[in-house]
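Trainee: Sequence isn't available, so here's the structure alone:
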């Protein structure tokens, strides 16, 4: 496992454990980076995500970062997670 993968996994675990009551826009951004970092985007995802409003918001957030490579999405996730966790401490 690469250092990037380890850092990504650690950031995911910390966000899951420590981040509480995030604003919806931040939750959507962290979701989008996570999905892009772990899945990429496919046509099948569009069909699965367009069925209700909540899924549509999630899908929209994801498509906004779909131009990122998996590595870029992991880096952005790590960066955003650090910002969130640093703000939680303040």
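Mentor: Alright, I've got the coordinates. Treat the numbers as computed from the prediction; the structure is a model and nothing was measured.
Trainee: Please make it C-alpha for all contacts and neighbour counts, starting now.
Mentor: Noted.
Trainee: how about the helix or strand containing residue 81: buried residues?
Mentor: Using DSSP states H and E, residue 81 falls within helix 70-89. For helix 70-89, a neighbour-count test (16 or more other Cα atoms under 10 Å) marks 70, 73-78, 80-81, 84-85 as buried.
Trainee: gap between the closest residue to residue 41 other than its chain neighbours and residue 29?
Mentor: Distances taken as Cα to Cα, 6 or more residues apart in numbering place residue 66 nearest to residue 41, at 6.4 Å, with adjacent residues excluded. Separation of residue 66 from residue 29 (Cα to Cα, to the nearest Å) stands at 12 Å.
Trainee: Kindly report the same for residue 13.
Mentor: 16 Å.
Trainee: Compare the two (neighbour count), which wins?
Mentor: residue 29 (19 against 12; other Cα atoms under 10 Å).
Trainee: Looking at per-residue confidence, what score does the residue lying closest to the more buried one once chain neighbours are set aside get?
Mentor: Residue nearest to residue 29 in three dimensions, not counting chain neighbours: residue 61, with 6.4 Å by Cα to Cα, 6+ apart. For residue 61, the pLDDT comes out at 93.
Trainee: Correct me if wrong: residue 61 contacts residue 32.
Mentor: Yes. Assessed by Cα atoms under 8 Å, residue 61 is found in contact with residue 32 at 5.5 Å.
Trainee: Who has more neighbours out of these two?
Mentor: residue 32 (24 against 20).
Trainee: What helix or strand is the closest residue to the more buried one other than its chain neighbours located in?
Mentor: Among residues not flanking residue 32 along the chain, residue 62 sits closest, at 4.2 Å (Cα to Cα, 6+ apart). Per DSSP H and E: residue 62 is located in helix 53-64.
Trainee: what packs against that helix?
Mentor: When contacts are defined as 3 or more Cα pairs under 8 Å, 6 or more residues apart in numbering; DSSP states H and E, helix 53-64 packs onto helix 24-38, helix 43-49.
Trainee: least reliable of these going by mean pLDDT?
Mentor: Mean pLDDT values for the helices and strands packed on helix 53-64 show the minimum at helix 43-49, a mean of 59.
Trainee: where in this structure is pLDDT low?
Mentor: For the chain, applying pLDDT under 70 flags the ranges 42-51, 90.
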